[in-house]
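*Asks:* Here you go, sequence then predicted model.
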Amino acid sequence: MKPEDELSGEDAGAIDIAFSGRLGTFDLDIAFRAPGKGVTALFGPSGCGKTSVLRSVAGLQRLAGHCRLGASIWQDETRYLPTHRRPIGYVFQEASLFPHLSVRGNLLFASKGKAPREGEALRRFEEAVELLGLTALLSRAPDTLSGGERQRVAIGRALLSDPRLLLMDEPLSALDKETREDILPYLERLHETLAIPVLYVTHDMAEVERLADHLVLLEKGRVRASGPLSALQADPDLPIARSRDAAVSLAGIVCGFDADYGLMELDVAGACFILPDPKGHDLADPVRIRVAAGDVSLCREVPGATSILNILPVTIVMARAINEREMLVQLALGHGDEKARLLSRLTRKSWDNLDLTEGGPCYAQIKSAALARQ
Ligand SMILES: Nc1ncnc2c1ncn2[C@@H]1O[C@H](COP(=O)(O)OP(=O)(O)OP(=O)(O)O)[C@@H](O)[C@H]1O
């Protein structure tokens, strides 16, 4: 697939990247195109080249190739913009705040410490402070902050430099599990509100599932696959789908409630999921759910009495034996044109017993309790 073919429709602000070269003994040779909006995760094992790609985009490391953001060319055969002329915000693993400045001073660093008094700059400052929950921290010194608070300030500072692209290099990896969980909702809000694209490096699939729209899978300095997150998650030929905790992330819209039981109904590409609603959503709220391949079972007919609330008609798109005992099945969900994909992991025995075939119809069963909102 050519990189240009990966995005559907016109995307005038798309990020178009190709780099090749040697770093010590490591060969990097990558090319991909990512949307001009939303979060693109660069995912892969340690040492596969994720940070090198980000550093090359930032102009911190020079390899042959090109780097374009919409109509802006940052690198090609004849041009190479230095880092300070690239409108980027960069968030590193560890927040490196200026120790002599307060949180406010750090946030205002890009505007030379001057507090915005009016207009657009003030609106952006207030928005970033609110979004990242920094109001109560503004007068604090960096050495009095927790790791998670420091990282939120670092993200705010990156946003307030008015970037056209945000680069985030494992922003949660230096934090303990609990702090990571605390900061993820801020990143989710960022994801919902940010108008600029984000390149987000991680080797944690849970972060990808919660934050990414687009995924670039890297392996040994090469792009193994690149495309919309849900399409790659549901591709049984990719290692992420074959892993024991494989799942697809589905975006839905709240379309109803069962208040007596604390459940909500979620419209996902024409199908309706029923799941717990502990947060009390409103109608039409966007909600992203994680459907694990191991939580999806199949049946040929609608079962009689069952505890399972989600019994959804699906079509079997493809099936792969992933070892002697188990099958991985990709399912197309819903009606209409936009059929979201699910994965089901089941025993080869069940597959044979049900006499299922590619292209054939069946029903996917998913326990509501397994569909906790991400
Ligand atoms: N400037 C350099 N000189 C020599 N080797 C380098 C340089 N930069 C990167 N490398 C090598 O390139 C490879 C890829 O490194 P990179 O940091 O991009 O991987 P990564 O996927 O981000 O890894 P991690 O998840 O562990 O951070 C590594 O083997 C690294 O040692």
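*Replies:* All right, it came through fine.
*Asks:* helices and strands of this protein: which one bottoms out on pLDDT?
*Replies:* For the chain, counting by mean pLDDT, DSSP states H and E, helix 119-131 ranks last in confidence among helices and strands (a mean of 85).
*Asks:* distance between that helix and the chain's centre?
*Replies:* 25 Å (CA atoms, centre = their mean, to the nearest Å).
*Asks:* would you put the C-alpha positions of it in CSV?
*Replies:* As requested, the backbone C-alpha atoms of helix 119-131 are provided in CSV (Å, rounded to 0.1, in the frame of the first residue of the first chain):
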residue,chain,number,x,y,z
GLY,A,119,-8.1,37.9,23.6
GLU,A,120,-7.0,34.7,22.0
ALA,A,121,-3.8,34.2,24.2
LEU,A,122,-5.8,34.5,27.4
ARG,A,123,-8.5,32.1,26.1
ARG,A,124,-5.9,29.6,25.2
PHE,A,125,-4.1,29.9,28.6
GLU,A,126,-7.4,29.5,30.5
GLU,A,127,-8.4,26.6,28.3
ALA,A,128,-5.1,24.7,28.8
VAL,A,129,-5.2,25.3,32.6
GLU,A,130,-8.7,24.1,32.9
LEU,A,131,-8.2,21.1,30.5
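*Asks:* tell me the contacts of Asp176?
*Replies:* Taking CB atoms under 8 Å, 6 or more residues apart in numbering, we find Asp176 in contact with Gly147. Every C-beta, even on glycine, is put in place using the N, C-alpha and C of the backbone.
*Asks:* can you list the weak-confidence ranges in this protein?
*Replies:* By pLDDT under 70, the low-scoring segments of the chain are 1-10, 110-118, 335-338, 372-374.
*Asks:* Would you pull up the residue in it closest to the ligand?
*Replies:* Residue nearest to the ligand within the chain: Gly24 (2.8 Å; CB to the nearest ligand atom).
*Asks:* residues touching the closest residue to Thr135 other than its chain neighbours, list them.
*Replies:* Leaving aside its chain neighbours, Thr135 sits nearest to Val129 (5.6 Å; criterion: CB to CB, 6 or more residues apart in numbering). If a contact means CB under 8 Å, 6+ apart, then Val129 has Leu107, Thr135, Leu138, Gly156 as its contacts.
*Asks:* Sort out for me which of these are in helices.
*Replies:* Secondary structure from DSSP state H places Leu107, Gly156 of these in helices.
*Asks:* how close does the residue nearest to Thr135 get to Arg104?
*Replies:* Val129 sits 9 Å away from Arg104, going by CB to CB, to the nearest Å.
*Asks:* Touching both of these two, which residues are there?
*Replies:* In the contact map built from CB under 8 Å, 6+ apart, the residues linked to both Val129 and Arg104 are Leu138.
*Asks:* and for stretch 282-292, what are the contacting residues?
*Replies:* Contacts of stretch 282-292 from elsewhere in the structure, counted by CB under 8 Å, 6+ apart, are 192, 209-210, 245-257, 264, 266, 268, 273, 275, 281, 342-343, 366, 370-374.
*Asks:* go again using 7 Å as the cut-off
*Replies:* Stretch 282-292 is contacted from outside by 209, 245, 247-254, 266, 273, 275, 281, 342, 366, 370-371, 373-374, using CB atoms under 7 Å, 6 or more residues apart in numbering.
*Asks:* ditto for stretch 294-308
*Replies:* By CB under 7 Å, 6+ apart, the residues outside stretch 294-308 that reach it are 311, 342-346, 354, 356, 362-367, 370.
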